[in-house]
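**Student:** Got a predicted structure plus its sequence, pasted below:
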Amino acid sequence: MACGSSSSISGSDNYTYLPDDAKLGAASYYVINNGAPTWGVSNVGKFMNSRSGDYTVQTSNDLSYTIYSSSRLFRNTLDSELFQKARMSPSSLRYFGVGLENGNYVVTLQFAEFNLEDSQTWKSLGKRVFDIYVQGDRKERNFDIRKEARGSYAAVQKQYIVPVTRNFLEIHLFWAGKGTCCIPSQGYYGPSISAFSLTRAPNAAQKKNKTSVIIGAAVGAVIVGLVVLLAGLYARRQKSRKLSLEQQELYNIVGRPNVFCYSYGELKTASENFNSSNLLGKGGYGSVYKGTLTDGSVVAVKQLSETSHQGKKQFITEIETISQVQHRNLVKLYGCCLEGNRPLLVYEYLDNGSLDKALFGNETLNLDWPARFEICLGIARGLAYLHEESSIRVVHRDIKASNVLLDANLNSKISDFGLAKLYDYKNTHVSTKVAGTFGYLAPEYAMRGLMTEKVDVFAFGVVTLETIAGRPNYDGRLGEDKAYLLEWVWQLYEDGHPLSVTDPKLTEFNSDEVLRAIRVGLLCIQSSPRQRPSMSRVVAMLAGDIEVPEAVTKPSYVTEWQGNASETSSSKPGPEAMSASPFLSSVIDEGR
């Protein structure tokens, strides 16, 4: 777009700059309908002390929303014609692009100053200072054209890579009341722009496709090679199409008002180029880094692994799910970054890390019983919200100690929604591909793929017992009778010594409260999903609002373990005697 020009201009960059000579007033807009996409320009503000009714600024010092220069050459450019005219505003100047295809774009803004002279007179004291916003993100603060270009009659470019979502782009130049207002004439101030252009950002997949076509032409004479090449091209095209659909889905999600889009450069700087010293943890999805943004706020940046086959699917699921649920016991998603081939998620940073490190690791964090009880209660409240209270019904599918994070006050927050599934309460169950983590899978889900919210209830029961015992659900370093936590807890419960499972580090605790939590945990790990309580009932039982049943039935899978262990022990003693449950030894396709 050639701002202020009455005719099209061909640039040395092989672009045609469309005319923009609309006569704008103090509060007006104009739609430039030259085809798709449609562009619009708007102005808000009135030049003070203007001597001209139509606000025209020319070399004779009339004031207008368009600045004219006498024909002359400009430095730092091959396109002086672009800078003979410019559009100006006393306060707020916006350009809108509507109907753009979603994706990343390169926005190039071009400026030149010619009415503020480089001379030894008072006219050289003039300053034009304004801010530049693109897609609502401030790119430049206190931008001074003459200072950036190192003088008048010199061109300067500003280029930004920005995402277009909802098929809409906004360029906003805003005068914040800085600089001069009366040089070289009364009412001469505000943002000014000579031209701008918009191009699609380069796509790595498209470049690879072009390279493949050139190679195919070179070896086209060889029949076998041609067949292989065509097969490769077809596979690559399908992959590119799949990536394009995934990217489009991401842009549609990011278009929501509660998901902020960060730039890659901003997050790279925040994490010190993803320095290993800032690494918080790793998973099947990728790595999580600690980062400090320019405003001083600390965040957690999750980076998709290049080798992850399911990461992008989980990336979409995580944004789709967590952007629609808000609760004090769920980790808050701040936003994401879609630039490049490794998408990033930005979360609130939680000072005390994950529950598994606090319980099983070498952390110096001291978790007394009141803290552990509140952690379990917080997890239960978060799951009750997901299952019964949120606008969408969500099954997390990967509740475990490493997916529970602790803030500075040891409040628990559920994280990692990459495997979450939306669930219709009208369905009794959903058959799905098994996903999750060894030791936390409910038997009906691990063996038959039957998924309900009771899958999360089972996993919560395991996490609760781990929190009480201060050990993971399986520890091969312990004796055969203690290796599997669930089997050991049931044995102690049947023998009338349930409190013996309590972590030795807990020197003081409320016996009634611990026993109540143990019984709730045993209820949650029942074999049949119908025997497990809902999470809202779990919250009520833990809080003491309703009684916990004293008679709890031993799950059939524990009985099978004990039977298999005794048979194996009698025939082949040793470490090999320890057997796992069928659902612990299942092949988990999506697990981590």
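**Tutor:** Now that the structure is in, tell me what you want to look at.
**Student:** tally of neighbours for residue 76?
**Tutor:** 14 (other C-beta atoms under 10 Å). Glycine gets a C-beta too; all of them are placed from N, C-alpha and C.
**Student:** Show the subsequent helix or strand relative to the helix or strand where residue 446 lies.
**Tutor:** Using DSSP states H and E, the element containing residue 446 is helix 443-448. Per DSSP H and E, the first helix or strand lying C-terminal to helix 443-448 is strand 450-451.
**Student:** Packing partners of the helix or strand just after that next one?
**Tutor:** Moving toward the C-terminus from strand 450-451, the next helix or strand (DSSP H and E) is helix 454-469. With contacts defined as 3 or more C-beta pairs under 8 Å, 6 or more residues apart in numbering; DSSP states H and E, helix 454-469 has these neighbours: helix 355-360, helix 369-384, helix 485-494, helix 511-524, helix 535-543.
**Student:** Now helix 454-469: average pLDDT?
**Tutor:** For helix 454-469, mean pLDDT is 96.
**Student:** coming back round to it: among the helices and strands packed on helix 454-469, single out whichever gets nearest to residue 323.
**Tutor:** Closest approach to residue 323 among the helices and strands packed on helix 454-469 is made by helix 369-384 (16.1 Å; C-beta to C-beta).
**Student:** Does the helix or strand that comes right after that closest one pack against any helices or strands, and if so which?
**Tutor:** Using DSSP H and E, the helix or strand that follows helix 369-384 in sequence is strand 394-395. With contacts taken as 3+ C-beta pairs under 8 Å, 6+ apart, strand 394-395 sits against strand 421-422.
**Student:** mind listing the helices in the stretch 151-300 of the chain by residue range?
**Tutor:** For the stretch 151-300 of the chain, the helices defined by DSSP state H, counting those that start in this stretch occupy 204-218, 223-254, 264-270.
**Student:** which residues of the stretch 251-400 of the chain score low on pLDDT?
**Tutor:** For the stretch 251-400 of the chain, the stretches with pLDDT under 70 are 251-259, 283-285, 305-314, 340-341, 362-363.
**Student:** Buried residues of stretch 501-519, list them for me.
**Tutor:** The neighbour-count check on stretch 501-519 (16 or more other C-beta atoms under 10 Å) flags 501-503, 509, 514-519 as buried.
**Student:** can you put the residues you listed in a markdown table and add distance to residue 159 and pLDDT?
**Tutor:** Formatted as a markdown table, those follow (distance: C-beta to C-beta, whole Å; pLDDT from 0 to 100):
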| residue | distance to residue 159 | pLDDT |
| --- | --- | --- |
| 501 | 63 | 95 |
| 502 | 62 | 96 |
| 503 | 58 | 94 |
| 509 | 62 | 93 |
| 514 | 62 | 96 |
| 515 | 66 | 95 |
| 516 | 63 | 96 |
| 517 | 59 | 96 |
| 518 | 62 | 96 |
| 519 | 64 | 95 |
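**Student:** farthest pair in those residues?
**Tutor:** Farthest pair in those, by C-beta to C-beta: 503 and 519, 17.4 Å.
**Student:** To what extent is residue 277 buried, counted in neighbours?
**Tutor:** By other C-beta under 10 Å, neighbour count at residue 277 equals 8.
**Student:** likewise residue 110?
**Tutor:** Residue 110: 24 neighbours (other C-beta under 10 Å).
**Student:** Check residue 451 too.
**Tutor:** Residues near residue 451, counting by other C-beta under 10 Å: 25.
**Student:** Show me where the stretch 1-150 of the chain has its strands.
**Tutor:** Counting by DSSP state E, counting those that start in this stretch, the stretch 1-150 of the chain has strands at residues 2-3, 9-10, 16-17, 19-20, 27-32, 38-44, 66-68, 85-88, 92-98, 103-112, 129-134, 137-144.
**Student:** Comparing those strands, which yields the minimum mean pLDDT?
**Tutor:** strand 66-68 (a mean of 67).
**Student:** circling back: now the strands of the stretch 1-150 of the chain in a markdown table, with distance to residue 273?
**Tutor:** A markdown table is the format used below for the strands of the stretch 1-150 of the chain (distance: least, C-beta to C-beta, whole Å):
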| stretch | distance to residue 273 |
| --- | --- |
| strand 2-3 | 38 |
| strand 9-10 | 41 |
| strand 16-17 | 38 |
| strand 19-20 | 41 |
| strand 27-32 | 42 |
| strand 38-44 | 38 |
| strand 66-68 | 42 |
| strand 85-88 | 39 |
| strand 92-98 | 33 |
| strand 103-112 | 21 |
| strand 129-134 | 24 |
| strand 137-144 | 22 |
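**Student:** Deepest-packed of those strands, please.
**Tutor:** strand 2-3 (a mean of 28; mean count of other C-beta atoms under 10 Å).
**Student:** could you say what helices and strands that one packs with?
**Tutor:** Partner elements for strand 2-3 (3+ C-beta pairs under 8 Å, 6+ apart): strand 19-20, strand 85-88, strand 195-200.
**Student:** centre of the chain versus the last one, how much separation?
**Tutor:** Yep, that's strand 195-200 we're talking about. 27 Å (C-alpha atoms, centre = their mean, to the nearest Å).
**Student:** Okay, buried residues for it please.
**Tutor:** 195-198.
**Student:** Now for those residues: which two are most distant?
**Tutor:** Among the buried residues of strand 195-200, 195 and 198 lie farthest apart (C-beta to C-beta), at 11.3 Å.
**Student:** among the helices and strands packed on helix 454-469, which is nearest residue 446?
**Tutor:** helix 485-494 (13.8 Å).
**Student:** Put the alpha carbons of that closest one into CSV.
**Tutor:** Provided in CSV are the C-alpha atoms of helix 485-494 (Å, rounded to 0.1, in the frame of the first residue of the first chain):
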residue,chain,number,x,y,z
LEU,A,485,2.1,-50.3,47.0
LEU,A,486,-1.5,-51.3,46.4
GLU,A,487,-0.9,-54.9,47.4
TRP,A,488,1.0,-53.8,50.5
VAL,A,489,-1.6,-51.3,51.6
TRP,A,490,-4.4,-54.0,51.3
GLN,A,491,-2.3,-56.5,53.3
LEU,A,492,-1.8,-53.9,56.1
TYR,A,493,-5.5,-52.9,56.0
GLU,A,494,-6.6,-56.6,56.3
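**Student:** relative orientation of it and helix 511-524 in degrees?
**Tutor:** Calculated by axes from the mean of the first three to the mean of the last three C-alpha atoms, to 10 degrees, helix 485-494 forms an angle of 120 degrees with helix 511-524.
**Student:** what angle do helix 485-494 and helix 454-469 make?
**Tutor:** 70 degrees.
**Student:** where's the closest residue to residue 95 other than its chain neighbours relative to residue 501, distance?
**Tutor:** Counting by C-beta to C-beta, 6 or more residues apart in numbering, residue 95 lies nearest to residue 171, which is 4.4 Å off, once chain neighbours are set aside. The gap separating residue 171 from residue 501 is 64 Å, by C-beta to C-beta, to the nearest Å.
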